[in-house]
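1. I need the structure of the sequence given here:
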Amino acid sequence: MPVIRTPEKRFTNLPDYPYEPNYVEINDMRIHYVDEGEGEVVLCLHGEPSWSYLYRKMIPILSEKHRVIAPDFVGFGRSDKFTLREEYTFEMHRDTLLKFIEELDLKGITVVVQDWGGLIGLRVVSMIPERFARLVIMNTGLPTGDEEIPKAFLMWQRFSKIMPVIPVGMALKMGSLPSKPGEKRGFRKSLREASRAMPSEVVKAYVAPFPSSKYKAGAKAWPLMVPVKPDDPVSDEMRKAQEGMKKWEKPALVMFSDGDPITRGGDEWFRENIPSAKDQPKIVIEDAGHFLQERKGPEIARHILDFIERTPA
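-> Below is the predicted model:
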């Protein structure tokens, strides 16, 4: 079980990320998190292959009124990393997040999830619902393998399987670019547009946690964990998460972007199955791709502030 740690010098002078690091030890792994502001807890969970840097545009706005906590999952950001892909399991991520919440004794949590932050975060919500006050669900899903899997994700999963390492910078650039239904641009044109939209120093910040391929085992593992068949290893965990959502009666805000080919249409499952989601306005984040926090962070943060204000705990 080899464990490595990204050198601290990789995180110096990152644009718009001035936050002091905080750490907690969980199962002999050092877990990093941002902790800014005071008040009700807003827990921001990232996905693949990003890290807490994804929330940098939201943290200043949210922390004016609340305590914002943005951890890095094992294998990402400033958190410790396994070098073997086999060490990354759904259960490991789930149990680490459970322990993280217990160690910091977080209560009354408004959890903000996107991508794998949703698969893991919403499963944890279903296990300890008493610690959570609200859900903010963005560009994610709870796939069991029983449903039709979007072609865009299957392509990403196959790509992740055959590539020796995950091209983190390219994934963040391409994933932040909005894509309209039926739009055909070609890979080269899309990459040029994505490169123009994301400054090189921001790309470098996203790549900072991964000095070499041995640091990327966690990024390579996550796409391969997503269930595409009903009997895949994570399928039952997702079914339990779904059941938890169907029983959730505290406030829930569903807020997907209009330009994500991977999760497009997935917001309807949450709106239809979470009883309280019907009580909130239908918000669509326009002109944003899969990583909607990157292009529309301040707008999303203001929606979250409004949501918390109109749903007092």
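
2. show the backbone phi and psi for Glu148.
-> Listed backbone geometry of Glu148 is phi -70, psi 130, with angles given as degrees, to the nearest 10.

3. I'd like the next helix or strand past the helix or strand bottoming out on mean pLDDT in the chain.
-> Counting by mean pLDDT, DSSP states H and E, the chain has its least confident helix or strand at helix 187-197, which shows a mean of 69. Taking DSSP states H and E as the definition, the helix or strand that follows helix 187-197 towards the C-terminus is helix 200-207.

4. who's in contact with that next one?
-> Among residues not part of helix 200-207, those counted as contacts by Cβ atoms under 8 Å, 6 or more residues apart in numbering are Leu14, Pro15, Tyr17, Ser50, Trp51, Tyr53, Val168, Gly169, Leu172, Lys173. Bear in mind the C-beta positions are built from the backbone N, C-alpha and C, glycine included.

5. ok, now with 7 Å
-> For helix 200-207, contacts defined as Cβ atoms under 7 Å, 6 or more residues apart in numbering pick out Leu14, Pro15, Tyr17, Ser50, Tyr53, Val168, Gly169, Leu172, Lys173.

6. what residues of the next helix or strand after that helix count as buried?
-> Beyond helix 200-207 in the direction of the C-terminus, DSSP H and E gives the next helix or strand as helix 217-225. For helix 217-225, burial by neighbour count (16 or more other Cβ atoms under 10 Å) applies to Ala217, Gly218, Ala219, Lys220, Ala221, Trp222, Pro223, Met225.

7. where does the second one land on pLDDT?
-> Note for Gly218: predicted pLDDT of 96.

8. mind listing what it touches?
-> In this structure, Gly218 makes contact with Val74, Gly75, Phe76, Lys81, Phe82, Tyr88, judged by Cβ under 7 Å, 6+ apart.

9. what's the distance between the first one and Ile26?
-> With distances defined as Cβ to Cβ, to the nearest Å, the gap from Val74 to Ile26 amounts to 8 Å.

10. neighbour-wise, which of those two wins?
-> Applying other Cβ atoms under 10 Å to Val74 and Ile26 shows that Val74 carries more neighbours, namely 23 against 19.

11. any idea of the pLDDT on that one?
-> pLDDT for Val74: 98.

12. all strands for this structure, in order.
-> Counting by DSSP state E, residue ranges of the strands within the chain are 3-4, 22-26, 29-36, 41-45, 67-71, 81-82, 109-114, 132-138, 252-257, 283-285.

13. could you list the low-confidence segments of the stretch 51-200 of the chain?
-> Counting by pLDDT under 70, the stretch 51-200 of the chain contains low-confidence residues at 182-191, 194.

14. quick check, Gln280 in contact with Leu253.
-> Yes: Gln280 is within contact range of Leu253, at 4.9 Å (criterion: Cβ atoms under 7 Å).

15. out of these two, which sits in the busier spot?
-> Remark: of Gln280 and Leu253, Leu253 carries more neighbours, 27 against 20, as counted by other Cβ under 10 Å.

16. residue contacts, that one?
-> Contacts for Leu253 (Cβ under 7 Å, 6+ apart) come out as Leu135, Val136, Gln280, Phe307.

17. same question for Gly244.
-> Contact analysis of Gly244 by Cβ under 7 Å, 6+ apart lists Leu122, Val125, Ser126, Pro129.

18. with Ser257 instead?
-> With contacts defined as Cβ under 7 Å, 6+ apart, Ser257 is in contact with Asn139, Pro178, Ile285, Ala288, Gly289, Leu292.

19. which of those fall in helices?
-> Cross-referencing these against helices under DSSP state H gives Leu292.

20. on that earlier part again, tell me the two of the contacts of Gly218 that are most distant?
-> Phe76 and Phe82 (11.3 Å; Cβ to Cβ).

21. quick one, which of those two is more surrounded?
-> Taking other Cβ under 10 Å, Phe76 and Phe82 do not tie; Phe76 has more neighbours (28 against 21).

22. and that one, what does it touch?
-> His46, Trp51, Pro209, Gly218.

23. how much space separates the first one from Ile120?
-> What it means is His46. Using Cβ to Cβ, His46 is found at 10 Å from Ile120.

24. for Ile69, state which of the buried residues of helix 217-225 is nearest.
-> For Ile69, the nearest member of those is Gly218. The distance, counting by Cβ to Cβ, is 20.2 Å.

25. measure that closest one to Thr89 for me?
-> Spatial separation of Gly218 from Thr89 under the definition Cβ to Cβ is 11 Å.

26. swap in Glu8?
-> Taking Cβ to Cβ as the criterion, Glu8 is separated from Thr89 by 28 Å.
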